[in-house]
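Visitor: what shape does this take:
(2 chains)
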Amino acid sequence: MNDPLKEPMANDPELDSLLGAYALDALEPDERARVEEYLARNARARNEVDEMRESAAALALAPAGTEAAPPAVWDRIAGEIAREPAPAASFEARRARLKWTPVVGILSVAAAVALLVLALDVVSLHGRLHNATRSGDASASAAFDHARSETGARQVAMMPPHGGEVARVVLLPDGHAFLKNDDMPKLAANQTYQLWALTGDPSHPTPISAGVLGSNPQAAAFRLAGDVHALALTVEQAPGVVAPSGPPYASGALS
Amino acid sequence: MTEIERRDASDADLGRAVSAGDEAALAELYRRHGGACFALARRVLADRVLAEEIVQEVFLRLWRAADRFDPERGSLRSFLFAQVHGRSVDLLRSETARRAREARDAFRSPTVDDDLERAVADLTEAEIVRRTVGSLSDGERAAIELAYFGGHTYREVAVLLGEPEGTVKSRIRSGLLRLRAALIEAGVGE
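Guide: Residues are numbered from 1 along each chain as shown, chains lettered A, B, ... in the order given. Okay, the predicted model is just below:
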């Protein structure tokens, strides 16, 4: 709706008179189209609609006292999510490619040796990760130890640019993966480690979030799929970010 | 983000976490707003099954494209409600649902009652809403309620109320703006 290439449009009293009905979805399709064209070119009108939608949201609170969120609906939502890839990377994530190019220039040397191609997409299963950590880091840690002995398991050392290994990741052929903290320091409470899967062209990778690990993770379970060629850890402000805010704290190529 | 951190996080923070693929953040948003979204859809559609489908669709859309929510343009709650309302009205105006609505409307008066006020009586925030809604003129309130909860176009509202179309659209706009000002003054929804 907001096309910055369009010329601004002067205030139009006739269209302004339709804004309230527009905010309540109470226009006929032809009027709706005219108003949307107007909103794309008039910031004041757009702001007025935003304000009126806040009013409508307040009205919608009216039935809230008598309804709880239906659990069955959440079960269906969670079921759908489990069957599909993680959300598409945002514009911020796409912009982050530039920041990460030098890092992956280093990683891609190793990544070129052997790419791990599992499926079509990266799937971040934070809910399961959360469940694994909620049931105790010990369970994810035990799963890590067990996974190491699985047939076809690959191990990745997560290392800072200058320093030794701080964590290890074990990847199983079916995409399940486990991270174990060997020497990641505890962060401040308002910070979190975030795990990223680097996908796409290794020379211009797209980092996609694979997990928000918390400030002091001991172990974590997650899942990867797609043309992931490297993993990276960043330190972010809690509760996590949609794109890395800076260079990785540690990284490891999937070779 | 731990469970405690999620419980304390703002809607905007949870929205960002959903963008980052945090399913538990989406679950927390559903816990906070799923009930109200469902209630809104059910009120517009008068159909529990359809309302559930709308809520499911809206939360899945949030998961798939959370960056469509722009915190600069309003709250996540109003974003969700706008999505739920828009989809509900689209469905309501489909031919199949139109027949169902006609049957439903046959059992209720097109004039406005104080249903809205009753429904919000026990909630602190909703109590403020009730008071501010009470500050609207009868004409503004009638037009807004029929359009928003009835899913009618303003032209249909004009017919139902026996008022000129121009009067109805003016009342909807002035009522919503007056409501917004009153809510901000009361410290709600800033």
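Visitor: pretty sure residue A:22 is touching residue A:35, no?
Guide: Yes - the pair residue A:22 / residue A:35 is scored as a contact, 4.6 Å apart, by CB atoms under 8 Å. C-beta coordinates here come from the backbone N, C-alpha and C atoms, glycine included.
Visitor: more neighbours: which of those two?
Guide: Applying other CB atoms under 10 Å in any protein chain shown to residue A:22 and residue A:35 shows that residue A:22 carries more neighbours, namely 26 against 22.
Visitor: the more buried one in helix, strand or coil?
Guide: Put simply, residue A:22 is helix when judged by DSSP: H, G, I helix; E, B strand; the rest coil.
Visitor: now do the same contact list for it.
Guide: Residues in contact with residue A:22 (CB atoms under 8 Å, 6 or more residues apart in numbering or on different chains) are A:31-32, A:35, A:39, A:49.
Visitor: per-residue pLDDT, it?
Guide: Looking at residue A:22, its pLDDT is 96.
Visitor: from residue A:157, how far out is it?
Guide: Using CB to CB, to the nearest Å, we find residue A:22 at a distance of 56 Å from residue A:157.
Visitor: check residue A:241 too.
Guide: 25 Å.
Visitor: of those two, which one has the most company?
Guide: Set residue A:241 next to residue A:157 and count neighbours by other CB under 10 Å: residue A:241 wins out with 22 against 15.
Visitor: and the residue lying closest to that one once chain neighbours are set aside, what is it in contact with?
Guide: Nearest non-adjacent residue to residue A:241, counting by CB to CB, 6 or more residues apart in numbering or on different chains: residue B:20, 6.1 Å away. The neighbours of residue B:20, taking CB under 8 Å, 6+ apart as the test, are A:124, A:194, A:209, A:212, A:240-242.
Visitor: and stretch A:159-176, how far from the chain's centre?
Guide: Counting by CA atoms, centre = their mean, to the nearest Å, stretch A:159-176 is centred 20 Å from the centre of its parent chain.
Visitor: got the buried residues for it?
Guide: For stretch A:159-176, burial by neighbour count (16 or more other CB atoms under 10 Å in any protein chain shown) applies to A:159, A:166-172, A:175-176.
Visitor: any idea which helix or strand comes after the longest helix seen in chain B?
Guide: For chain B, the longest helix by residue count, based on DSSP state H, is helix B:23-45. Next in sequence after helix B:23-45, counting helices and strands by DSSP states H and E, comes helix B:48-64.
Visitor: ok, then the element right after that following helix?
Guide: helix B:76-92.
Visitor: as a whole number, average confidence for stretch B:179-190?
Guide: Rounded mean pLDDT across stretch B:179-190 is 78.
Visitor: okay, that stretch in CSV with CA atoms only?
Guide: The C-alpha coordinates for stretch B:179-190 follow below in CSV (Å, rounded to 0.1, in the frame of the first residue of the first chain):
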residue,chain,number,x,y,z
LEU,B,179,-13.2,7.5,20.8
ARG,B,180,-9.5,7.5,20.1
ALA,B,181,-9.0,10.9,21.7
ALA,B,182,-11.0,9.7,24.8
LEU,B,183,-9.0,6.5,25.1
ILE,B,184,-5.7,8.3,24.9
GLU,B,185,-6.9,10.8,27.5
ALA,B,186,-7.8,7.8,29.7
GLY,B,187,-4.4,6.2,29.1
VAL,B,188,-5.6,3.3,27.0
GLY,B,189,-4.0,2.3,23.7
GLU,B,190,-1.4,5.0,23.5
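Visitor: tell me the buried residues in stretch B:129-138?
Guide: B:129-130, B:132-133, B:136.
Visitor: please parse the chain into its domains.
Guide: If you meant another chain, say so; for now it's chain A. A:13-65, A:89-253 (automatic domain parsing).
Visitor: you looked at the wrong chain, it should be chain B
Guide: B:1-105, B:109-190.
Visitor: so where's the stretch 101-250 of chain A uncertain?
Guide: Along the stretch 101-250 of chain A, the model assigns pLDDT under 70 to residues A:101-139, A:162-163, A:203.
Visitor: returning to what we had before: mutual contacts of residue A:22 and residue A:35, please.
Guide: With CB under 8 Å, 6+ apart as the test, residue A:22 and residue A:35 reach no residue in common.
Visitor: quick one: which of the domains of chain A is nearest residue B:179?
Guide: domain A:13-65 (4.2 Å; CB to CB).
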